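Engineer: Fold the following and give me the result.
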Amino acid sequence: MSGAADVLQEVHVETYGSLSKRDKVEFILEQMRLTLAKKDFVRAAIVAGKVSRKHLKEETMEEYKVKFYTLMTIKHRHDKDALELAKDYHAIYSTPHILNDDAKWTEALQSTVLFLALSPYSMEQQNMLNVVSEDHNLEKIPSCEYVPLLRLAIICVFISLRMCVLILLLSFCILSLLEPPSSCC
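Structural biologist: A predicted model of the protein is given here:
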């Protein structure tokens, strides 16, 4: 596999003007897959930069869009970049053929929410939190506590993490005080 990756790296797909857009993207995705299999994350990032995100948004490129962002999740997991992982999963989620499959969009949306909640505070994270929290599909996820998780993530940016933990502990204590003792009835 290492040899195949090396051979593919030697070929510069940009120089082949006769290849269609789909063929170029497919070739680049194969280069990405092989470099990620070799655990060459630096080269994978370089190769990923060759893919036009604009082309991936085209209706005929949905399959390649999902494959590209799935490969990017491997790289971003290695980088431990929660915000980029959230963006990858949200790009997968927003693909029309994924939205038509309940199991696939549920998994992608759950991953988006979890990595978004784990990502450090930034304006980009806040904007994405607000966009995702307005998504009506969140309420369709079975046995889902993702809406409160998003709300908590939005609230936590205004107060420190210690205060968040304290508030959660206090709220559980208050709720337990409000419940009637099991031995009284």
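Engineer: alpha carbons only for contacts and neighbour counts from here, please
Structural biologist: OK.
Engineer: On the three-state scheme, Y121 is what?
Structural biologist: Following DSSP: H, G, I helix; E, B strand; the rest coil, the label given to Y121 is coil.
Engineer: How many residues are close by it?
Structural biologist: The number of residues packed near Y121 is 15, by other Cα atoms under 10 Å.
Engineer: how close does it sit to L83?
Structural biologist: Going from Y121 to L83 by Cα to Cα, to the nearest Å gives 9 Å.
Engineer: List the buried residues of the one helix or strand A44 maps to.
Structural biologist: Element membership for A44, per DSSP states H and E: helix 41-48. Along helix 41-48, these residues count as buried under the neighbour rule (16 or more other Cα atoms under 10 Å): F41, R43, A44, A45, V47, A48.
Engineer: One more: stretch 76-94?
Structural biologist: By 16+ other Cα under 10 Å, the buried positions in stretch 76-94 come out as 76, 81-93.
Engineer: Ok, stretch 113-121 next?
Structural biologist: Within stretch 113-121, the residues that count as buried by 16+ other Cα under 10 Å are V113, L114, F115, L116, A117, S119.
Engineer: So for these, which is the shakiest by pLDDT?
Structural biologist: On pLDDT alone, A117 ranks lowest of the buried residues of stretch 113-121, at 81.
Engineer: Dump whatever helix or strand that one lives in to PDB, restricted to CA.
Structural biologist: Assigned by DSSP H and E, A117 belongs to helix 102-118. Output in PDB follows, covering the C-alpha atoms of helix 102-118 (Å, rounded to 0.1, in the frame of the first residue of the first chain):
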ATOM      1  CA  ASP A 102     -32.800   8.700   8.500                       C
ATOM      2  CA  ALA A 103     -30.000   6.500   9.900                       C
ATOM      3  CA  LYS A 104     -27.300   8.500   8.100                       C
ATOM      4  CA  TRP A 105     -28.500  12.000   8.900                       C
ATOM      5  CA  THR A 106     -29.100  11.100  12.500                       C
ATOM      6  CA  GLU A 107     -25.500   9.800  12.900                       C
ATOM      7  CA  ALA A 108     -24.100  12.800  11.100                       C
ATOM      8  CA  LEU A 109     -26.200  15.300  13.100                       C
ATOM      9  CA  GLN A 110     -25.400  13.600  16.400                       C
ATOM     10  CA  SER A 111     -21.600  13.700  15.600                       C
ATOM     11  CA  THR A 112     -22.000  17.400  14.600                       C
ATOM     12  CA  VAL A 113     -23.500  18.300  17.900                       C
ATOM     13  CA  LEU A 114     -21.100  16.300  20.000                       C
ATOM     14  CA  PHE A 115     -18.000  17.700  18.400                       C
ATOM     15  CA  LEU A 116     -19.400  21.200  18.400                       C
ATOM     16  CA  ALA A 117     -20.000  20.900  22.200                       C
ATOM     17  CA  LEU A 118     -16.500  19.700  22.600                       C
END
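Engineer: Before I go, just wanted to say thanks for your time.
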